Structure formats: C-alpha cells, structure tokens
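> Predicted structure and sequence below. I'll ask about it afterward.
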Amino acid sequence: MLKPINPIPALFVLIFTIVCLPWNSYADDSDFSEMEMSFKNFITCELTRTEATNPFSGKPFKITMIDLFDVQMESDLQIVTGAVQCFVDNQSLTLYVAVGIIKLLEKEQVSYYTIRDKDFSILATELFRFPYKERCKWSQYWVDID
C-alpha cells in the first residue's frame, strides 16, 4: 500500500522558492545596474574632460550611446568592456573600451583604461600596458553641474 505523503515539507520548499529566490535575482540586477551606471559615467567623464586623449581629432562630438558588453574577473582585476557610439561631423563612430578595475579598501577604482576604434578582446596581461591615473571616478552616481 502507498503511504500518504506529508504535504508540510513540500509546502515549505514551495514557500522558500517563492519568497527567497527572487531576492537573489534582484541583487544580480542591482549589481548589473550599478556596474552599467559606473561604466557610463566613467566613459562620459573620460571623453568629455579637459585634456582628455581625444579620439575625435579635436572635432566636436556627441555621445549617443554607451553599452556595457562584458565583465570578467582575472585574479583581482575586474575587466569591463563596452562600446561608445558617437556622432562626429555628422558621421557615426563607434569606439570600443576596456577598463580594468581593482578594489582597494572595499572601494573600486580604475587602474587600467584603453579605447580603440576597432573591436578587440583583451586579457589582463595586455591591459596592464595601459595604466590609468585616476582623473575620473568609478561611481554609479553622476552630478551634472550644467
């Protein structure tokens, strides 16, 4: 004969799944949003600041899109890659970016940065050739003073 199944453990698993697991996915969305905003703010700052390395040859430009592609960990270095779409002299230009981020006393800061006009993949060993003196902060918050 079949024994009746106790519904209490099944009910517990169901409630746990419904209540607890979505919190983890919200945390992942929050982490991604924070990373995406930090990336966008850093790139905007770096391209528009005074005395920036100018991939636009001194011509006026407008940033139309910044897109985060990927985040990878290599040892203690977080490598963030993405693209920037701009209009320069009424022509569309796409630039590709790699940023190396380290954590120092629980604060993230940019240690390596490169921008190119052709798509590329990069490893930490290559990114080390492009050290960055912190001029623009890695922060999800942007204060527009205009």
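Nice, I can see it.
> What ranges does the protein have for its strands?
61-74, 77-88, 91-104, 107-116 (DSSP state E).
> For residue 138, see how far away residue 46 is.
Separation of residue 46 from residue 138 (Cβ to Cβ, to the nearest Å): 11 Å. Where you see a C-beta, it was placed from the backbone N, CA and C, and this is true even at glycine.
> got the contact list for stretch 118-133?
Residues from elsewhere that reach stretch 118-133, judged by Cβ atoms under 8 Å, 6 or more residues apart in numbering: 74-75, 77, 79, 81, 83, 96, 98, 100, 110-114.
> For those residues, which two are the farthest from each other?
75 and 83 (25.1 Å; Cβ to Cβ).
> And the two? Which one has more around it.
For residue 75 versus residue 83, the count of surrounding residues by other Cβ atoms under 10 Å is larger for residue 83: 16 against 7.
> Does the more buried one touch residue 92 like I think?
No - counting by Cβ atoms under 8 Å, residue 83 sits too far from residue 92 to count as a contact (11.8 Å).
> what about residue 31, how many residues close to it?
11.
> which residues touch it?
So residue 31 contacts nothing (Cβ under 8 Å, 6+ apart).
> Save the strands of the chain as TSV, and put in mean pLDDT and distance to residue 126 too.
TSV is the format used below for these (pLDDT from 0 to 100; distance: least, Cβ to Cβ, whole Å):
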stretch	mean pLDDT	distance to residue 126
strand 61-74	88	11
strand 77-88	90	10
strand 91-104	89	9
strand 107-116	89	9
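> Distance to residue 125 for those - can I get that in JSON lines?
Listed next are these as JSON lines, based on distance: least, Cβ to Cβ, whole Å:
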{"stretch": "strand 61-74", "distance to residue 125": "9"}
{"stretch": "strand 77-88", "distance to residue 125": "10"}
{"stretch": "strand 91-104", "distance to residue 125": "11"}
{"stretch": "strand 107-116", "distance to residue 125": "11"}
